[in-house]
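# output the structure for:
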Amino acid sequence: MFGQSHNRSTEIAHLVPAGKMATHSYWFVTDFLFGIDEKRSWDETTRLLHGSKKTRKKADRVGKTGIKHMVTNKILLAGQKHFFDVAPCLVIVPIMNRQSALDWGGEEYHALC
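Next up, the predicted model:
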């Protein structure tokens, strides 16, 4: 089950990586979440991934922007460093329809791993 409360025996993992360069390899997520737009520029794609900024300073990111910062981008997973960073070998696919994903309020859900 995903969506359970955090405890000290589990680690928090980002499904879309938090690191700037690693995040760029997930550009296709923007097409899934926002629809395919052949006119979308790379700058728009990076803002969708990393968040919009008022200025060029990292601390000036506009709140609630950026896929990698969304609460739905984080899961609790023991050994996440190994499975996602050291020897990437895990894909997690939520079992829910699109409307359920849009309406998701943090409750538990099933997934294929």
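# mind listing what's buried along stretch 16-23?
The neighbour-count check on stretch 16-23 (16 or more other CB atoms under 10 Å) flags 16, 17, 23 as buried. Any C-beta I mention is one placed from the backbone N, CA and C, and that applies to glycine too.
# out of those, who's nearest residue 70?
residue 16 (8.7 Å; CB to CB).
# can I assume the closest one is in contact with residue 27?
No - taking contacts as CB atoms under 8 Å, residue 16 lies outside contact range of residue 27: 10.0 Å.
# alpha carbons of the longest helix seen in the chain, as PDB, please.
Counting residues, the longest helix found in the chain (DSSP state H) is helix 42-50. Extracted C-alpha coordinates of helix 42-50, given in PDB (Å, rounded to 0.1, in the frame of the first residue of the first chain):
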ATOM      1  CA  TRP A  42      12.200  23.200 -23.300                       C
ATOM      2  CA  ASP A  43      12.100  26.100 -21.000                       C
ATOM      3  CA  GLU A  44       8.400  25.500 -20.300                       C
ATOM      4  CA  THR A  45       9.100  21.800 -19.800                       C
ATOM      5  CA  THR A  46      11.900  22.500 -17.200                       C
ATOM      6  CA  ARG A  47       9.600  24.900 -15.400                       C
ATOM      7  CA  LEU A  48       6.900  22.200 -15.200                       C
ATOM      8  CA  LEU A  49       9.500  19.800 -13.800                       C
ATOM      9  CA  HIS A  50      11.500  22.100 -11.500                       C
END
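# buried stuff in it?
45, 46, 47, 48, 49, 50.
# which helices and strands does that helix pack with?
Judged by 3 or more CB pairs under 8 Å, 6 or more residues apart in numbering; DSSP states H and E, the packing partners of helix 42-50 are helix 20-24, helix 28-34.
# one more pass at 6 Å, please.
Contacts defined by 3 or more CB pairs under 6 Å, 6 or more residues apart in numbering; DSSP states H and E place helix 42-50 against no helix or strand at all.
# would you give the sheet partners of the helix or strand following that helix, along with the direction of each?
Going down the chain from helix 42-50, the next helix or strand is strand 74-76, by DSSP states H and E. When sheet partners are counted by DSSP bridges, strand 74-76 sits next to strand 12-14 (antiparallel).
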